[in-house]
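> Fold the following for me, if possible:
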Amino acid sequence: MNDVIRRRVGKSVRRALDRGTIKRDPCEICGNIHSEAHHDDYAKPLEIKWLCRTHHCQLHWRNPNYMPHIHKGIVKDYSIYTMKNSYNENAEKKIRNHAIYEYWLANRDKMSYRQIGREFGDITGERVRQLINREKRKLAGVK
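All right, here's what the predicted structure looks like:
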């Protein structure tokens, strides 16, 4: 998907939220109030599924076309991110931890660990720092 189109759609969603045309709903799966807009079709920018960060990432990790960087080797072992039909709590935690790391990569210049923790619920800044350092070591191949 072209990044220009993605940014354009993101801007139109932000404008619609600011104007009150649409409202942010909780995650359609778990009810988390910290939700993100997901588009199945960028040609329909206001047809949105509201998903929390964890479920949004799960959706993208299931489909290699959504997040190709994961499938090109930046994340060496993405099998842990592929959810099977049964619920796996350990995989959920790994997905959430990696989502926090990805979020930190995108926002590290703008947000503190504490602010990132608030985005993912009630996680302390110290815990966010620990999770990020653990993910860095994993991606570097250090135990």
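> residue ranges with poor pLDDT in this protein?
Scanning the chain for pLDDT under 70 picks out 1-2, 60-91, 142-143.
> Helix, strand or coil: sort out E36 for me.
Three-state assignment for E36 (DSSP: H, G, I helix; E, B strand; the rest coil): strand.
> which residues touch it?
Contacts for E36 were tallied using C-beta atoms under 8 Å, 6 or more residues apart in numbering; they are 50-53, 56. C-beta coordinates here come from the backbone N, C-alpha and C atoms, glycine included.
> Tell me the spatial nearest neighbour of R6, not counting adjacent residues.
Y42 (6.9 Å; C-beta to C-beta, 6 or more residues apart in numbering).
> gap between the one you found and E92?
For Y42, the distance to E92 equals 28 Å [C-beta to C-beta, to the nearest Å].
> now do D122
Taking C-beta to C-beta, one finds D122 at 17 Å from E92.
> Compare the two and say which is more crowded by neighbours.
E92 (14 against 7; other C-beta atoms under 10 Å).
> Verify the stated contact: the more buried one with C52.
No - counting by C-beta atoms under 8 Å, no contact exists between E92 and C52, whose distance comes to 11.6 Å.
> Tell me the helix or strand right after the longest helix seen in the chain.
Longest helix in the chain, counting residues (DSSP state H): helix 89-107. Note on helix 89-107: by DSSP states H and E, the next helix or strand toward the C-terminus is helix 113-119.
> and the following helix or strand past that next one, what does it pack onto?
Counting by DSSP H and E, the element after helix 113-119 in chain order, helix or strand, is helix 125-140. Applying 3 or more C-beta pairs under 8 Å, 6 or more residues apart in numbering; DSSP states H and E, one finds that helix 125-140 makes contact with helix 89-107, helix 113-119.
> and the shortest one, which residues are buried?
What that stands for is helix 113-119. Within helix 113-119, the residues that qualify as buried are 113, 116-119, counting by 16 or more other C-beta atoms under 10 Å.
> Likewise for stretch 135-143?
135, 138.
> Report all helices and strands that the longest helix of the chain contacts.
Using 3+ C-beta pairs under 8 Å, 6+ apart, helix 89-107 is in contact with helix 53-62, helix 113-119, helix 125-140.
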